[in-house]
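1. My questions concern the predicted model and sequence given below.
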Amino acid sequence: MASAPDTVTTPTHRIAVIFPGQGAQAVNMTAELAEIYPQIQDTFAEASKALGEDLWAICQNEEQLNQTQYTQPALLTASIAIWRILQDKLNKAPLYLAGHSLGEYSALCAAGVISLTDAVQLVHKRGKLMQEAVADIDTAMAAVLGLEDNRVETLCEQATEHVDGAVVGAANFNSPGQVVISGNAAGVTAVIDKVQNTGKKAIPLKVSVPSHCALMEPASQALAEELAAIKFDQANIPVIQNRHARIETSVQSIKQALTEQLSEPVLWSKTMQELADKQINILIECGSGNVLSNLAKRQTQPIASYPVDKPARMEKLMEVLS
């Protein structure tokens, strides 16, 4: 009897798209793509009209770009512009979307939950509220490297209890061994000292506001009022949100998760694990830079991740998918 012929199977691509948050911004971001793809300038023109500010010009001005109220709409616009290119290039929609902190708004916009006009205006206001919440406070953030999540949380609790006036907490659980802390300068400095006493590293971050900590509670309350006035639709692609690392299905729960996200930590490691559990085998980082792609390599179950913020990177992705 003749043996059955060998068969060649093409691996099934199970794709999720992830959107970066504040800190990923860069002067001239998307400029190379803009030379090839009209979606870039078209999207920036649409967003600039909605905001009443020239976001493309802001992206060429480092001082303005790094101001939170401009960083947020500029990054969101860059992400949605690239998303529109991807929509034309991908032969099927991704299975899931997720975004890191601010990137969650990009994900919800890409999923059709919120319009670009509303999203740009909302994150501009969000940035202002964040700055106003800590206008008279000396604040800080730092990346803690090499400690387990619960150990970092314990050090934050100890600093809050024993250092006079300290406010500090875990803000981003980015990957195993990388946790960002956030709070006032007294609290963050106290934790940095404790981390260094363990022989591990704590690196201060250059940020204008301390995201995802108790200092953001006034901004969170004000943001809830802003969200209440904006029309949200059901997502046409499931979005895994930061607050609980899960898909919220109702408009009310989506808005609640966004409200709480501002003063609660980003569960990015859990989000990545959720995608791994759903058998996602390709991540596309849709926005400026490759921060999330680097984090993807460090997860318990790494997933191949491809940034697409430059033409060469976009071409590499297309080669992989073909």
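-> Arrived safely.
2. Which residues are in contact with the spatially most central residue of the chain?
-> Residue closest to the average C-alpha location in the chain (CA atoms, centre = their mean): residue 100, at 2.0 Å. Shown in contact with residue 100 (CB atoms under 8 Å, 6 or more residues apart in numbering): 18, 19, 20, 21, 172, 242, 266, 268, 291, 292. No exception for glycine: its C-beta is placed from N, CA and C like everyone else's.
3. Could you pick out the buried ones from these?
-> Buried members of these, counted by 16 or more other CB atoms under 10 Å: 18, 19, 20, 21, 172, 242, 266, 268, 291, 292.
4. Now the second one. Its backbone dihedrals?
-> In terms of degrees, to the nearest 10, the main-chain angles of residue 19 are phi -120, psi 130.
5. From residue 126, how far off is it?
-> Taking CB to CB, to the nearest Å as the measure, residue 19 falls 15 Å from residue 126.
6. pLDDT below threshold where in the protein?
-> Scanning the chain for pLDDT under 70 picks out 1-11.
7. can you map out the strands along it?
-> With DSSP state E as the criterion, the chain has strands at 15-19, 96-99, 139-145, 168-175, 178-184, 201-204, 239-241, 246-247, 282-285, 304-307.
8. got the contact list for the third one?
-> Counting by CB under 8 Å, 6+ apart, strand 139-145 makes contact with 152, 171, 177-185, 188-189, 191-192, 195, 200-205, 207, 209-211, 215, all of which sit outside it.
9. switch the cut-off to 7 Å
-> 152, 171, 177-185, 188-189, 192, 195, 200-205, 207, 209-210, 215 (CB atoms under 7 Å, 6 or more residues apart in numbering).
10. now swap in the second one and tell me
-> By CB under 7 Å, 6+ apart, the list of residues contacting strand 96-99 from outside reads 16-19, 21, 105-107, 110-111, 237-240, 271, 275, 278, 280.
11. With the longest one instead?
-> Residues from elsewhere that reach strand 168-175, judged by CB under 7 Å, 6+ apart: 141, 149, 152-153, 156, 159-160, 179-183, 187-188, 190-191, 211-214, 265-269, 295, 298-299.
12. quick check, nearest of the contacts of residue 100 to residue 119?
-> residue 19 (11.4 Å; CB to CB).
13. Please report the distance of the closest one from residue 33.
-> 16 Å.
14. Could you measure from residue 94 over to residue 248?
-> Distance from residue 94 to residue 248, by CB to CB: 18 Å.
15. what angle do the helix ranked longest in the chain and strand 15-19 make?
-> Ordering each helix of the chain by length in residues (DSSP state H) puts helix 68-89 first. Interaxial angle of helix 68-89 relative to strand 15-19 (axes from the mean of the first three to the mean of the last three CA atoms, to 10 degrees): 160 degrees.
16. So the chain: which segments form each domain?
-> 15-133+215-321, 139-208 (automatic domain parsing).
17. Which of the buried ones among the contacts of residue 100 fall within helices?
-> 268, 291, 292.
18. now those in JSON lines, with distance to residue 52?
-> Shown next, in JSON lines, are those (distance: CB to CB, whole Å):
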{"residue": "268", "distance to residue 52": "33"}
{"residue": "291", "distance to residue 52": "29"}
{"residue": "292", "distance to residue 52": "30"}
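19. Out of those residues, which comes closest to residue 67?
-> Nearest member of those to residue 67, counting by CB to CB, is residue 291, at 19.7 Å.
20. quick one: the closest one and residue 24 touch, right?
-> Yes - assessed by CB atoms under 7 Å, residue 291 is found in contact with residue 24 at 5.2 Å.
21. Give me the distance between residue 121 and residue 226.
-> Counting by CB to CB - residue 121 and residue 226 are separated by 9 Å.
22. same thing with residue 80?
-> 19 Å.
23. And residue 297, by the same measure?
-> Counting by CB to CB, the gap from residue 297 to residue 226 is 36 Å.
24. if we can go back for a sec, pick out whichever of residue 94 and residue 248 has more residues nearby.
-> residue 94 (24 against 21; other CB atoms under 10 Å).
25. for that one, what are its contacts?
-> 15, 16, 17, 237.
26. mind listing the helices for the chain?
-> 31-34, 38-51, 55-58, 62-65, 68-89, 103-110, 116-133, 149-162, 185-197, 217-228, 251-261, 268-277, 291-296, 311-321.
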